[in-house]
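K.L.:
Please find the sequence and the predicted model below.
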Amino acid sequence: WRGEVDQVSLSLVVKLSANQETPCIATQPKTLDYGGKVVGDTILRDVAITSCGDGELRIDGVQLTMVDLKEGAEAPFILKEWDEPLPWLIAPGETRVVAVQYTPEEVAGLDEEGDRLRDRATLLLKTNAFDGDHLVSVRGFGVLDACPEAVIEFAGSPSVPAATSVLFQGGASWSIDGAI
């Protein structure tokens, strides 16, 4: 208590401290979607883990868990090994990468709406971030032939002033039948 207690005033001193050096996590992409990949082909993609707060981010665990994997089936997603043991300490503004490998084992079936049934997994990052552990959804599906892919390129500066015309190139895109 601070001050004197009387009939006119009663005060209480409470020490407050703002979020000082709070760790935060951001991942890119938020969902790792392989789309349709040819059965038996192996594709490796990265998930970038960035420390977005003003405190050091600590990664205590990295775990990949399959969702709805058929009994006896091999896991189509594999978490690739990294060169440094856990825990990882990531300074504010710095990034660390985790690689996930996908090898579809069979052609994806269709659900009731005619959409592809996807292989699914969850990448769990155990952290000291202010909002706790972080999840990244992982998905893909197997196909017999390669799926079309849009490749959009831009040769300009990554920073463009407002009201500037920008030309994107799509000539590196391709489709199953060769037409774009």
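P.N.:
Thanks, I have the structure now.

K.L.:
got a list of contacts for the lowest-mean-pLDDT helix or strand in the chain?
P.N.:
Scoring the helices and strands of the chain by mean pLDDT, DSSP states H and E places strand 31-38 at the bottom, with a mean of 91. Residues from elsewhere that reach strand 31-38 (C-beta atoms under 8 Å, 6 or more residues apart in numbering): 43, 45, 47, 100, 102, 104, 108, 116, 123, 136-147, 149. C-beta coordinates here come from the backbone N, C-alpha and C atoms, glycine included.

K.L.:
try stretch 110-124
P.N.:
So stretch 110-124 is contacted by 32, 36, 47, 61-68, 75-77, 79, 98, 100, 102, 104, 108-109, 133-142 (C-beta under 8 Å, 6+ apart).

K.L.:
Can you turn the buried part of these into a PyMOL selection?
P.N.:
Applying 16 or more other C-beta atoms under 10 Å to the contacts of stretch 110-124, the buried members can be selected in PyMOL as follows:
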select buried, resi 32+36+47+62+64+66+76+77+79+98+100+102+104+108+134+136+138+139+140+141+142
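
K.L.:
Narrow the contacts of stretch 110-124 to those in strands?
P.N.:
Among the contacts of stretch 110-124, DSSP state E puts 32, 36, 47, 61-67, 77, 79, 98, 100, 102, 134-142 in strands.

K.L.:
Low-confidence stretches in this protein?
P.N.:
By pLDDT under 70, the low-scoring segments of the chain are 1-19, 147, 174-180.

K.L.:
Repeat the analysis, applying 90 as the threshold.
P.N.:
1-21, 35-36, 70, 72-73, 81-83, 110, 113-116, 143-180 (pLDDT under 90).

K.L.:
give me every residue that touches the closest residue to residue 21 other than its chain neighbours.
P.N.:
Closest residue in space to residue 21, ignoring its immediate chain neighbours: residue 55 at 3.5 Å, by C-beta to C-beta, 6 or more residues apart in numbering. Contact analysis of residue 55 by C-beta under 8 Å, 6+ apart lists 20-24, 92.
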